[in-house]
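Asker: Need a 3D model of the sequence below.
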Amino acid sequence: QVQLVESGGGLVQAGGSLRLSCAASGRTFSTYILGWFRQVPGKEREFVGAISGSGAVKYYVDSVKGRFTISRDNAEKTVYLQMTSLKPEDTAVYYCAARKFGLMSTVDYDYWGQGTQVTVSS
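Answerer: The predicted model follows:
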């Protein structure tokens, strides 16, 4: 069992930056793939990016490549999403998620956080 708690969301102007954190509880954190997703009302949850257990492999959706960076600290059981050059269209509730196996970009992760709101003003 893994519990995930996101933090770091807020209101930022376009072009600004935010860093989201996701703290995990449970054992064997380093064996989990960690993903970030986002969702706006009325739309499906969208994959943002993911990182492998070791941190060696990272994968991003095209719309955030070059602007967002995922990292993890397995000793601290935390995964981060550094967001730069933010755009109004990045406004959403951001969720972190964990899974042991499977594709990084699909939504069928096993564990989810409660989400944190990111609002980018124009």
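
Asker: Surely V120 touches A92?
Answerer: No - assessed by Cβ atoms under 8 Å, V120 is found out of contact with A92, at 9.3 Å. Yep, even glycine has a C-beta here, placed from its N, CA and C like the rest.

Asker: Show me where the chain dips below the pLDDT cut-off.
Answerer: The chain contains no residues with pLDDT under 70.

Asker: Strands of that one, start to end?
Answerer: 3-7, 10-13, 18-25, 33-39, 46-51, 58-60, 68-73, 78-83, 92-99, 111-112, 116-121 (DSSP state E).

Asker: Indicate which one of those is closest to S105.
Answerer: strand 46-51 (4.5 Å; Cβ to Cβ).

Asker: Please give me every residue in contact with the most centrally placed residue in the chain.
Answerer: The residue lying closest to the centre of the chain (Cα atoms, centre = their mean) is W36, at 2.4 Å. For W36, the contact set (Cβ atoms under 8 Å, 6 or more residues apart in numbering) comprises L20, C22, V48, G49, A50, I70, V79, L81, Y94, Y95, C96, A97.

Asker: Quickly name whichever of these is closest to K87.
Answerer: Taking Cβ to Cβ as the measure, K87 sits nearest to V48 out of those, at 13.2 Å.

Asker: any idea how far Y32 lies from R72?
Answerer: 9 Å (Cβ to Cβ, to the nearest Å).

Asker: out of the contacts of W36, which are buried?
Answerer: L20, C22, V48, G49, A50, I70, V79, L81, Y94, Y95, C96, A97 (16 or more other Cβ atoms under 10 Å).

Asker: The first one touches Y94, doesn't it?
Answerer: Yes - applying Cβ under 8 Å, one finds L20 in contact with Y94, separated by 5.7 Å.

Asker: Quickly list what's touching both of the two.
Answerer: Shared contacts of L20 and Y94 (Cβ under 8 Å, 6+ apart): E6, G9, W36, L81, T116, V118.
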